[in-house]
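Colleague: the following block contains a protein sequence and its predicted model.
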Number of protein chains: 2
Amino acid sequence: MTNSRPRSGGLRERKKAETRSRIQEHALRLFLRQGYDATTVQEIASAAGVSHMTFFRHFPTKEAVVESDDYDPLIAELIRRRPRDEEPLIAIHRALSQGLAAIYDTDQDVLLTRTKLVFSTPALRARMADNQYATERLFAESLAARGHAAGDHPEITLELRVQAAAALAAVTVALSAWVQSDGADQLPTLVDRAFHALRRPPSGP
Amino acid sequence: MTNSRPRSGGLRERKKAETRSRIQEHALRLFLRQGYDATTVQEIASAAGVSHMTFFRHFPTKEAVVESDDYDPLIAELIRRRPRDEEPLIAIHRALSQGLAAIYDTDQDVLLTRTKLVFSTPALRARMADNQYATERLFAESLAARGHAAGDHPEITLELRVQAAAALAAVTVALSAWVQSDGADQLPTLVDRAFHALRRPPSGP
DNA sequence: TAACAAAAGTTAGTCGCTAACATATGGGGT
DNA sequence: ACCCCATATGTTAGCGACTAACTTTTGTTA
């Protein structure tokens, strides 16, 4: 039995990837034009020139076509690179700002559009919120792994999980405020304010 | 046209409430016995002796039969009663502990069972996570309203929202750890630990 | 070019959920 | 007591997300 693994540059793989992104593009276009709920999977499939089954072979659910967890592993890696003695919330804040800066300047408009769609669609919002549980664990892991050998897996404490979850909550509120201002406020600034609020609760007037 | 509002003690209202809770009881029983996804609405309705339409007249979705936002308004009220100069995270922590104590001793088993179900069912988890956005706003409002007249609505700042969101994240992690320990750990203790982690990030060894 | 395997299509079905319309029943006014 | 109406429930038909089973098409590889 010879190696039957598909070549990375093969026609087959390329076509598959093209189909996938064609579906995704048409889906987003239709969602923005006529709303998420008002767009059927059949409609997206037809627009992309495929059957509805092909849609589900590429995306497990209708919601999945909007989700993009490309960022999570990137941020996780940046957290892992922070010094071990840095306070968890500071570490996440810096890693996040760093990662955000990398994409904010180039993809700002796309990010805003997509985030608006997610926040205004209950089904997508719920998905995003649930995905944060997985992200929380990933970030907590990354916090624990700072300054350890690659194979080493230090304990993930409740404290680390709380701090990862709080950081994610802060980012989410910042995103929400960003969307509410329709992109007028600068997202990095809002993120900074959110993390600041996490560390130093303001007292009354 | 005279007052046609139904009396609170009427037979009609009582029957309706009975039907509602009968549906809910059978639903939970079936979910626990055979799993959430493996239980159809039709099945629940039949078990409760009603048609599937009656189910949806009492609960907007299948998930709603598990959700219980009875606690949120209670906690919100407790937050509102905290002194105005108390730091937001402290205020939420105390209000929450107070509210939790009221129900923990009596409903501990039910709470654990239900929470286990929610955390182990993606659809329910996603719903719960999304509901937290509404709860976050409610708590932020309550924080802002402390020591103000009833009709007065002070501004809800980004900072307050972040703190409310962080507090909810802390509680959620505590609940998750509680479920993971199968109720062996004390929930109030876990909540205290979670809030503590929020305020004083531990440094490395 | 023959043969294999991955990708896409076809079809039929389940389940959550809604709309429209029909029926039953409790509660108030007379 | 009776009638009338509002409200709770039932029936039926249908849409849309998603799955399973099977067939057809199409790169790839020997």
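Modeller: That came through, no problem.
Colleague: how about A:P122, nearest residue that isn't a chain neighbour?
Modeller: Nearest residue to A:P122, sequence neighbours excluded (C-beta to C-beta, 6 or more residues apart in numbering or on different chains): B:D130, at 6.7 Å. Every residue, glycine included, has its C-beta placed from N, CA and C.
Colleague: go ahead and confirm that neighbour touches A:Q132.
Modeller: No: if you go by C-beta atoms under 8 Å, B:D130 and A:Q132 don't touch, sitting 10.7 Å apart.
Colleague: who's more crowded, the two?
Modeller: Under the criterion of other C-beta atoms under 10 Å in any protein chain shown, the comparison of B:D130 against A:Q132 puts A:Q132 first, with 22 against 18.
Colleague: hmm, back to that, so does the helix or strand hosting the residue nearest to A:P122 get close to DNA strand D?
Modeller: Using DSSP states H and E, B:D130 falls within helix B:122-145. No: legend: contact between helix B:122-145 and DNA strand D by C-beta under 7 Å from any atom of the strand is lacking; minimum distance shown is 10.0 Å.
Colleague: contacts for the strand or helix carrying A:R57, please.
Modeller: In this assignment (DSSP H and E), A:R57 forms part of helix A:52-58. Applying C-beta atoms under 8 Å, 6 or more residues apart in numbering or on different chains, the external contacts of helix A:52-58 come out as A:19-20, A:23, A:41-42, A:44-45, A:48, A:65.
Colleague: cutoff 6 Å now
Modeller: With contacts defined as C-beta atoms under 6 Å, 6 or more residues apart in numbering or on different chains, helix A:52-58 is touched by A:20, A:23, A:41-42, A:45.
Colleague: now do stretch A:144-151
Modeller: Contact partners of stretch A:144-151, identified using C-beta under 6 Å, 6+ apart, comprise A:80, A:82, A:84, A:154, A:156, A:160.
Colleague: redo that, cut-off 8 Å
Modeller: For stretch A:144-151, contacts defined as C-beta under 8 Å, 6+ apart pick out A:79-84, A:86, A:91, A:152-157, A:160.
Colleague: near DNA strand C, which residues of chain A are found?
Modeller: By C-beta under 7 Å from any atom of the strand, the residues of chain A that approach DNA strand C are A:4, A:6, A:12-13, A:15-16, A:19, A:49-54, A:57-58.
Colleague: what about burial for those, which qualify?
Modeller: Among those, the ones that count as buried by 16 or more other C-beta atoms under 10 Å in any protein chain shown are A:19, A:50, A:58.
Colleague: so stretch A:152-160, near chain B or not?
Modeller: Yes: using C-beta under 8 Å from any C-beta of the partner chain, stretch A:152-160 reaches chain B at A:158-159.
Colleague: only the buried subset of the contacts of helix A:52-58, as a ChimeraX command please.
Modeller: Typed into ChimeraX, the line below selects the buried ones among these, using 16+ other C-beta under 10 Å:
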select /A:20,23,41,45
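Colleague: for the contacts of helix A:52-58, which one is nearest DNA strand D?
Modeller: A:V41 (3.9 Å; C-beta to the nearest atom of the strand).
Colleague: wait, that closest one sits on A:K62?
Modeller: Yes: with contact defined as C-beta under 8 Å, A:V41 reaches A:K62; the gap is 5.6 Å.
Colleague: what segments of chain A are helices?
Modeller: Under the criterion DSSP state H, chain A contains helices at A:11-34, A:41-48, A:52-58, A:71-80, A:88-120, A:122-145, A:158-180, A:187-199.
Colleague: mind checking how far the nearest residue to A:R146 once chain neighbours are set aside is from DNA strand C?
Modeller: Using C-beta to C-beta, 6+ apart and skipping residues adjacent in sequence, the residue nearest A:R146 is A:R84, 4.6 Å away. Here the criterion is C-beta to the nearest atom of the strand, to the nearest Å. By it, A:R84 lies 42 Å from DNA strand C.
Colleague: count the neighbours of A:R84 for me.
Modeller: Neighbourhood size, A:R84 [other C-beta under 10 Å]: 14.
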